[in-house]
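[1] Any chance you can model this:
(chains A and B)
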Amino acid sequence: MNKKKSGLSPVIATMLLVAIVIVIALIVFLWFRGITEEAITKFDGKNIRLVCEEVSFDASYSDGTVYVMNTGNVPIYEMKAKIQGDGEFATETLSSGWPERGLNQGEASAISITGAAIKITLIPVLIGETSSGEKKYTCDERNGYEVYAA
Amino acid sequence: MRKIEVKKKKGISVMVGYVLLITFGIIMGLIVFTYLKTYVPRDALQCDDGTSIFLKEYTCSGGELTITVKNNGRFNVAGYFIHAANSTNQTVATIDLSQDYNETSKINGNSIIFDLQNTNAMQPNVEMTGTFNINQLYTSIELIPIRYQGEGKDFKLVSCGAARIREEISCS
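    Residues are numbered from 1 along each chain as shown, chains lettered A, B, ... in the order given. You can find the predicted model right below:
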């Protein structure tokens, strides 16, 4: 008699199995979709992380103004600045004087910054393409450029 | 008898199992391929080594800046970007002079191009003179040579940042 008793009926077991499979499939789908959306590309499908390695610019800082020249072939959409002052630290996106459409090949710009700086780390921001349209990407700090107060 | 019948029952056939496995493998492979394809490195757009120009002479007076540029490299050059600085403290020149060039037909965007037929017209050892109308006294100018490079859809104007030159000037 005891042997005939089962913990779950076959119908419930099947339903549980199907439900678990659906949930796992959904999780895997969302995970993969997240991965593919994160792939920002530029220049005909090149990952933007690789494009960041090609960014080339020169910069200097004097009297509250940062001078930047794009010496490479990658347009720089925006520029983030880590401004290190005397006992203070701030991060901002350079805007006053920065061209609206970005700093293209061979262009240069003078940008005013607020506050006294001892050292400024300039980090380029590029614009790339994703499956859902254009998206900004901030390059790694190692792709940046350090300038010191003259 | 009954035991044997139960053993023969299967939830899914072996063939369907294989088809599902292969399909799943192909889909996974495609997704991973699509993602990793973007990481395949390709040649960056850059100037050939050995591209070089230098500022042979200049005159800056009476609201005119005249420069003579010589191609002292191994490759032809298409033109140059030119910027000026009006302060000795400024080590990166940011004032674009290309729009002040006398021969407006040679202005291409923010650069000066010697020949608008998309060719690298300035051959090695050739000198080119150009005049700019200026309205302030500049302290230095910077030039970056540019070249057309690549083929087909990759044929583009390339900035030769490594060959950038800077010269202190004095205007009166």
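[2] all contacts plus neighbour counts: C-alpha atoms, from now on.
    Will do.
[3] care to break chain B down by domain?
    As recorded under automatic domain parsing, the domains making up chain B are B:2-37, B:53-168.
[4] Give the helix, strand or coil label for B:N118.
    Classification of B:N118 by DSSP: H, G, I helix; E, B strand; the rest coil places it in coil.
[5] Got the phi and psi for the closest residue to A:I113 other than its chain neighbours?
    Once flanking residues are discounted, A:I113 sits nearest to A:G64: 5.6 Å by CA to CA, 6 or more residues apart in numbering or on different chains. Torsion angles at A:G64 (phi, psi; degrees, to the nearest 10) stand at phi 80, psi 10.
[6] doesn't A:A110 make contact with A:G64?
    No - with contact defined as CA atoms under 8 Å, A:G64 and A:A110 do not form a contacting pair (10.1 Å).
[7] who in chain A is up against chain B?
    A:32, A:35-36, A:39, A:41, A:45-47, A:50, A:54, A:56, A:58-62, A:67-69, A:71-73, A:105-110, A:150 (CA under 8 Å from any CA of the partner chain).
[8] quick one: which of A:G64 and A:A110 has more around it?
    More crowded of A:G64 and A:A110, by other CA atoms under 10 Å in any protein chain shown: A:A110, with 22 against 14.
[9] Show me which helix runs longest in chain B.
    helix B:14-37 (DSSP state H).
[10] swap in chain A?
    helix A:10-38.
[11] and that helix, what other elements does it pack with?
    helix B:14-37 (3 or more CA pairs under 8 Å, 6 or more residues apart in numbering or on different chains; DSSP states H and E).
[12] Next one: the helix it packs on, is it in contact with chain A?
    Yes - contact of helix B:14-37 with chain A (CA under 8 Å from any CA) involves B:I31, B:Y35.
[13] now the helices: where do they sit in the chain?
    Reading this off chain A. A:10-38, A:48-54.
[14] I was after chain B.
    So, for chain B - with DSSP H - the helices run B:2-8, B:14-37.
[15] For chain B, what lies in contact range of chain A?
    So chain B meets chain A at B:31, B:35, B:38-42, B:44-46, B:81, B:83, B:89-96, B:110-111, B:144, B:158-162 (CA under 8 Å from any CA).
[16] Strands - which of the residues you listed land there?
    B:F81, B:H83, B:I95, B:D96, B:S111, B:I144, B:V158, B:S159 (DSSP state E).
[17] Distance-wise, check the fourth one relative to A:G133.
    Between B:D96 and A:G133 the computed distance is 32 Å (CA to CA, to the nearest Å).
[18] What part of chain A, helix or strand, is modelled with the least confidence?
    For chain A, counting by mean pLDDT, DSSP states H and E, strand A:41-42 ranks last in confidence among helices and strands (a mean of 79).
[19] Show me what that one is in contact with.
    Strand A:41-42 has contacts (CA atoms under 8 Å, 6 or more residues apart in numbering or on different chains) with A:N47, A:I48, A:V51, A:I127, A:G128, A:E129, A:T130, B:T38.
[20] what about the longest strand in chain A?
    strand A:119-130.
[21] and the angle from that strand to helix A:10-38?
    120 degrees (axes from the mean of the first three to the mean of the last three CA atoms, to 10 degrees).
[22] Quick check: buried residues in stretch A:56-72?
    Using 16 or more other CA atoms under 10 Å in any protein chain shown as the test for burial, stretch A:56-72 gives A:56-62, A:65-72.
[23] Tell me the one of these nearest chain B?
    A:T71 (4.6 Å; CA to the nearest CA).
[24] how about that closest one, phi and psi?
    According to degrees, to the nearest 10, A:T71 has phi -90, psi 0.
[25] quick one: low-confidence ranges for the chain?
    The chain I'm using is chain A. Applying pLDDT under 70 to chain A flags residues A:1-8, A:33-38, A:150.
[26] my bad, the chain I had in mind was chain B
    Across chain B (using pLDDT under 70), the flagged ranges come out as B:1-12.
[27] just to revisit the earlier point, chain center to the least confident helix or strand of chain A, what's the gap?
    12 Å (CA atoms, centre = their mean, to the nearest Å).
[28] Ok, stretch A:55-62 next?
    20 Å.
[29] Using CSV, write down the CA coordinates of that stretch.
    The C-alpha trace of stretch A:55-62 is given here as CSV (Å, rounded to 0.1, in the frame of the first residue of the first chain):
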residue,chain,number,x,y,z
VAL,A,55,41.7,58.2,-29.7
SER,A,56,44.6,60.7,-29.8
PHE,A,57,44.5,64.2,-28.5
ASP,A,58,46.8,66.8,-27.0
ALA,A,59,45.9,69.1,-24.1
SER,A,60,47.3,71.7,-21.8
TYR,A,61,46.0,73.8,-18.9
SER,A,62,46.7,77.4,-18.1
